[in-house]
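Enquirer: show me how the following folds:
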Amino acid sequence: MGSDNISYREVTIGKTLYQVTSIFTGEKELGPTLEKLAVRHVLDEMDDRAKERLNA
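Expert: As a prediction, this is how the structure comes out:
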């Protein structure tokens, strides 16, 4: 793994701070993965709000 590129960054989505450490081996791009995480976060947040309204 000597030629791997390691990257660390912080990404804020809404009020949540994600600390992302990535090892790039040329096998997968990070962009689509971060997009999927962002979508999951938004859907989870929407689901939580819907549950709060049902319990109110």
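
Enquirer: how about the host helix or strand of E10, which residues are buried there?
Expert: Taking DSSP states H and E as the definition, E10 sits inside strand 5-13. The neighbour-count check on strand 5-13 (16 or more other CB atoms under 10 Å) flags nothing as buried. Every C-beta, even on glycine, is put in place using the N, C-alpha and C of the backbone.

Enquirer: stretch 12-30 too?
Expert: For stretch 12-30, burial by neighbour count (16+ other CB under 10 Å) applies to no residue.

Enquirer: chain center to that stretch, what's the gap?
Expert: For stretch 12-30, the separation from the chain centroid amounts to 6 Å (computed by CA atoms, centre = their mean, to the nearest Å).

Enquirer: helices of this structure, start to end?
Expert: 30-55 (DSSP state H).

Enquirer: any idea which residue sits dead centre in it?
Expert: Closest to where the C-alpha atoms of the chain average out (CA atoms, centre = their mean) is L37, at 3.5 Å.

Enquirer: please tell me how far the closest residue to that one other than its chain neighbours sits from S7.
Expert: Closest residue to L37 apart from its sequence neighbours, by CB to CB, 6 or more residues apart in numbering: Y18 at 7.2 Å. For Y18, the distance to S7 equals 13 Å [CB to CB, to the nearest Å].

Enquirer: which stretches of the chain have low pLDDT?
Expert: Where the chain drops to pLDDT under 70, the residues are 1-3, 26-28.

Enquirer: circling back: could you give the bridge partners of the residue nearest to L37?
Expert: On the basis of DSSP bridges, Y18 is bridged to V11.

Enquirer: please name the residues that touch the nearest residue to Y8 once chain neighbours are set aside.
Expert: If the residues on either side of it in the chain are set aside, Y8 comes closest to T21, at 4.9 Å by CB to CB, 6+ apart. Contact partners of T21, counting by CB atoms under 8 Å, 6 or more residues apart in numbering, are 6-8.

Enquirer: ok, back up a step: run through who's touching the strand holding E10.
Expert: Contacts with strand 5-13, where a contact means CB under 8 Å, 6+ apart, come from 17-24, 30, 34, 37-38, 41-42.

Enquirer: restricting to C-alpha, output that strand in PDB.
Expert: Extracted C-alpha coordinates of strand 5-13, given in PDB (Å, rounded to 0.1, in the frame of the first residue of the first chain):
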ATOM      1  CA  ASN A   5      -3.100   8.500  -1.100                       C
ATOM      2  CA  ILE A   6      -4.600   9.200   2.400                       C
ATOM      3  CA  SER A   7      -6.900  12.100   2.800                       C
ATOM      4  CA  TYR A   8      -8.700  13.600   5.900                       C
ATOM      5  CA  ARG A   9     -11.300  16.300   5.800                       C
ATOM      6  CA  GLU A  10     -14.300  17.400   7.700                       C
ATOM      7  CA  VAL A  11     -17.700  17.800   6.000                       C
ATOM      8  CA  THR A  12     -20.700  19.500   7.500                       C
ATOM      9  CA  ILE A  13     -24.100  18.400   6.400                       C
END
